[in-house]
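# below are the sequence and a predicted model; questions follow.
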Amino acid sequence: MDSSPGPPIAPPASAGGAFAPLLTRRRRKRFSVLTRRDKLTLGLMVGIPAFIHIFLIWLPAIGSIVLSFTSWNGIGGLDRIKFIGFRNYENLFSNYPPFWPAFENNLIWLAVFLFIATPLGMLMAVILDQNIRGTRIYQSVLYMPVVLSLAIVGFIAQLMYSPGMGFINNFLQAVTGDPKWVTSGTAIDWLGTPGLNFAAVLVAASWRHVGYIMVLYLAGLKSVDNTLREAAAIDGASGRQTFFRVVFPVLAPINVVVLVVTIIESLRAFDIVYIINKGLNGLGLLSVLITNNILGEASLIGFGSAMAVILLLISIGPIIYYLARTMGREAE
Amino acid sequence: MADLGQRSVSRRTLLKGSAAVAALGGVSAFIAACGGSNATPSTAVSASVAAPASAAPSVAAPSASAAGTVTFGSNASDAVPKKAMADVMTAFTAKTGINVTINTVEHNKFQDTINAYLQATPDDAFTWFAGYRMRFFAAQGLATDISDVWAKIGANFSDAFKTASTGDDGKQYFVPLYNYPWVVIYRKSFWAEKGYQIPKTIDDFTKLGDQMKKDGLIPLAFADKDGWPAMGTFDILNMRMNGYDFHIGLMAGKQKWTDPKVKAVFQKWAQLLPYFDPAPLGKTWQEAAQDLINKKAGMYFLGTFAGQQATDPATHDDLDFFAFPTLGTQYDSEMGIDAPIDGFMVSAKAKNLDGAKALMEFLGSADAANIYLASDSNDVAANKQADTSKYNAFQKSSAAIIAASGKIAQFLDRDTRPDFAGPNGMQSFLQTFLKAPNQDLDKFLTGIQGFYDSLPPQ
């Protein structure tokens, strides 16, 4: 990279437009406020992050969008990229059966995390905040899966769910003494039955997510000023009322973080499914389909990019919400 | 107020300016990165220049100028093949004085990243598969033509292997090492105990299946969680019902999936499914092989590599196999089977081309095959000069079945374009079929053909 971030500090001569006369009059005054050195520092401080941001985030994103209108197998230079208009999108919607189920699965994943796993994590946090005996042990137990990557969780899940050799079916067999639990055909095929396998994966993923949310929320709860609770108690509020009317609203910033973390975790879900069966047989997720198309011996870079664009569009909603919230608060 | 507003204007302009510069810099770097295929100077391995150069010429070195170190990318990541590969390379160094640096990558990861690997800084030589998968990379200009090596080693191989090593342009790009057949595997002692006989025809097979069911067994172990094992079943049924030529034509896109002949294959498969493990989609082939080994299932149709799962030598010796039964069609005499060939290629960017070609020449020799198979005894040598006297019973059966087959295909995912065979394509289509074998097959096959047609022309 031969471009030095030099020019950004060039004086914004053409900036004013209509304000030009005003600007020239004020300029001298401003120079007294910011020295050349200040401007250089400021320029670097703004310029370098902006450069990194644009290079690592905007450029790939725009690159993906451009590639989504092309056909390219990832081999050779840029001259081998062919523009084919919206054909990738047409194929995506009409000739590509895995797309809609994957899209649905992403939404289900989000819903389960949002309405089951996250509230469960919050509930755990609230319970553990009561200073019950052994709270640290419970905390550690719940937090442990968070240390594992989802790929490892996927690996563990396979050991648990395997129909003939997995823990669950063999446990059922040991308890009931009935061999049907491990006999192919009558045994529950946890990871082979479409629908059931997705539920099983969600259980494994939630196992990890609950602990994550618990820790986030517990930290928040610890920071709540106890006088608030005492005041509520004096006013005769029940435990539930105290939580929902006092503590929960006070924790608004944490709630937003928890919400955003939940959404991000749901949309980027990938490793657990990929490690189990590459997203086949009802376990498809958009992220896995993108990988399957782009990675491999003969990649469909354009087609995979088209799917990535769809995922980008889905992700933009929560991002805008989050930014609006945080920036709105800063403005206050 | 005016002051504040103005300053924010200038700040914004500042940002814009820096953004523009950054973007420009980024774009140029991006383009440089993309087009850099021929620009990148090799900073990589040139380490052991001094060592073997002097030793080389004294032994009968294959190419006079070959020396230095050859880098070798290997997908032989499992313990058995990994050791076998290392033994072969040691022998090569002993013979020629050329050092080999082996760079082993996990088998599946090697495949997933092969594309980027071959374009970036690949090793001089690498392990790969014959068939479409080899021809694809040759056609993309990512492999080196080794016809000159074939001029020396050609006599060691039958025409079938030479064809399997030849690219679309008629030149050779591949040196085969070994192959293995897809067969029906069973336990000898268990069958003797139950009095089962090897079925020659599909009627015998279903009769045997009925008997096994009565005995409380799954007749045919089956697993397709990973998506690819079911391809073997499709291949064999298609070859036995419609012949090798039709099968290869279908793989190459010359025949249509909507052809009634293909529909007949899936109908036949649906009829036979009651003899298969009823729950294949949650199982890996390793688990299915365990079903066979643990006598829960009577047979298993897979490549002979299933034998790797029998870690106890006594159990391994108890395994035997036979070719898939005939289906009573005109193609019975052809006895087409899948017998995928694994071997080696030279990358287009090989730095030590002479060394790599010397290595290819050695790998195409009977010595290399003998050394490899001494450690990995689930396969049989591609080299016809290789010493078969040391074959165990397992290898002898493999060799006999391959020899008896008139037509040898590679495997569905080696015979057709990779993007079609992958998890997006045939892997998920076959699982869709297994989930509902009695579905509307016309609609199902139209879907497959539609997907094939949607792929970009190659």
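Yep, it's here.

# now what about stretch B:142-153, what contacts it?
A:75, B:62, B:118-119, B:134, B:137-138, B:162, B:165, B:167, B:171-175, B:345-348, B:350, B:353, B:356-357, B:360-361, B:364-365 (C-beta atoms under 8 Å, 6 or more residues apart in numbering or on different chains). Every residue, glycine included, has its C-beta placed from N, CA and C.

# off-centre distance for that stretch?
20 Å (C-alpha atoms, centre = their mean, to the nearest Å).

# now the residue positioned nearest the centre of chain A: how far from residue A:60?
Central residue of chain A (C-alpha atoms, centre = their mean): residue A:264, 1.8 Å from the mean position. For residue A:264, the distance to residue A:60 equals 18 Å [C-beta to C-beta, to the nearest Å].

# okay, now the domains of the chain?
Using chain A. A:1-47, A:98-295 (automatic domain parsing).

# wait, I meant chain B there
B:52-179+B:341-385, B:182-338+B:399-454.

# would JSON lines of these with distance to residue A:39 and mean neighbour count be doable?
Shown next, in JSON lines, are the domains of chain B (distance: least, C-beta to C-beta, whole Å; neighbours: other C-beta atoms under 10 Å in any protein chain shown):
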{"stretch": "domain B:52-179+B:341-385", "distance to residue A:39": "41", "mean neighbour count": "20"}
{"stretch": "domain B:182-338+B:399-454", "distance to residue A:39": "53", "mean neighbour count": "19"}
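
# spatially nearest residue to the residue in chain B that chain A sits nearest to, not counting backbone neighbours?
As assessed by C-beta to the nearest C-beta, chain A sits closest to residue B:282 within chain B, at 2.4 Å. Closest residue to residue B:282 apart from its sequence neighbours, by C-beta to C-beta, 6 or more residues apart in numbering or on different chains: residue A:192 at 2.4 Å.

# now the strands for chain B?
Under the criterion DSSP state E, strands of chain B are mapped to B:69-74, B:99-104, B:125-129, B:175-179, B:182-187, B:218-221, B:297-303, B:319-322, B:337-338, B:341-346, B:380-381, B:408-409.

# mind putting these in TSV, distance to residue A:201 and mean pLDDT included?
Shown next, in TSV, are the strands of chain B (distance: least, C-beta to C-beta, whole Å; pLDDT from 0 to 100):
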stretch	distance to residue A:201	mean pLDDT
strand B:69-74	33	94
strand B:99-104	31	93
strand B:125-129	31	94
strand B:175-179	37	94
strand B:182-187	31	96
strand B:218-221	25	96
strand B:297-303	27	95
strand B:319-322	34	93
strand B:337-338	32	92
strand B:341-346	34	94
strand B:380-381	40	92
strand B:408-409	35	89
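
# for residue B:311, give me the pLDDT.
Residue B:311 is assigned a pLDDT of 84 by the prediction.

# also residue A:264?
86.

# correct me if wrong, but it is in a helix.
Yes: according to DSSP: H, G, I helix; E, B strand; the rest coil, residue A:264 belongs to a helix.

# once you drop chain neighbours, what's closest to it?
Distances taken as C-beta to C-beta, 6+ apart put residue A:318 closest to residue A:264, at 7.8 Å, once the chain neighbours are dropped.

# and the one you found, which helix or strand is it part of?
Applying DSSP states H and E as the criterion places residue A:318 in helix A:301-331.

# neighbours of residue A:161, how many?
24 (other C-beta atoms under 10 Å in any protein chain shown).

# thinking it is in contact with residue A:200, fair?
Yes: contact criterion C-beta atoms under 8 Å: residue A:161 and residue A:200 qualify, at 5.6 Å.

# re the thing from before, check which helices and strands the helix holding residue A:318 sits against.
helix A:59-67, strand A:70-71, helix A:87-94, helix A:99-112, helix A:252-267, helix A:286-294 (3 or more C-beta pairs under 8 Å, 6 or more residues apart in numbering or on different chains; DSSP states H and E).

# repeat that for 6 Å
Contacts defined by 3 or more C-beta pairs under 6 Å, 6 or more residues apart in numbering or on different chains; DSSP states H and E place helix A:301-331 against helix A:59-67, helix A:87-94, helix A:252-267, helix A:286-294.

# winner for burial among these?
Burial of those is given as mean neighbour count (mean count of other C-beta atoms under 10 Å in any protein chain shown); helix A:286-294 ranks first at a mean of 23.

# so for it, mean pLDDT?
89.

# any residue of that helix touching chain B?
Yes: applying C-beta under 6 Å from any C-beta of the partner chain, one finds helix A:286-294 in contact with chain B at residue A:292.

# which SS state does residue A:73 fall under?
coil.

# same question for residue A:224.
coil.

# now do the same contact list for residue A:292.
B:423, B:424 (C-beta atoms under 6 Å, 6 or more residues apart in numbering or on different chains).

# mind running it again at 10 Å?
A:98, A:274, A:278-280, A:284, A:299-300, A:304, A:307, B:112, B:419, B:422-425, B:427-428 (C-beta atoms under 10 Å, 6 or more residues apart in numbering or on different chains).

# same question, residue A:120
Counted by C-beta under 10 Å, 6+ apart, residue A:120 has contacts A:113, A:206, A:209, A:210, A:213, A:214.

# check residue B:83 too.
B:76, B:372, B:375, B:376.

# max pairwise distance over those residues: which two?
The span of the contacts of residue B:83, defined through C-beta to C-beta, is set by B:76 and B:375 at 10.4 Å.

# one step back: for the domains of chain A, which has the smallest mean pLDDT value?
The bottom spot among those, by mean pLDDT, belongs to domain A:1-47, with a mean of 59.

# residue of chain A with the smallest distance to chain B?
For chain A, C-beta to the nearest C-beta, closest residue to chain B: residue A:192, 2.4 Å.

# check contacts around that residue.
Applying C-beta under 10 Å, 6+ apart, the residues near residue A:192 are A:161-163, A:184, A:277, A:281-282, B:223-225, B:279-283, B:431, B:434-435.
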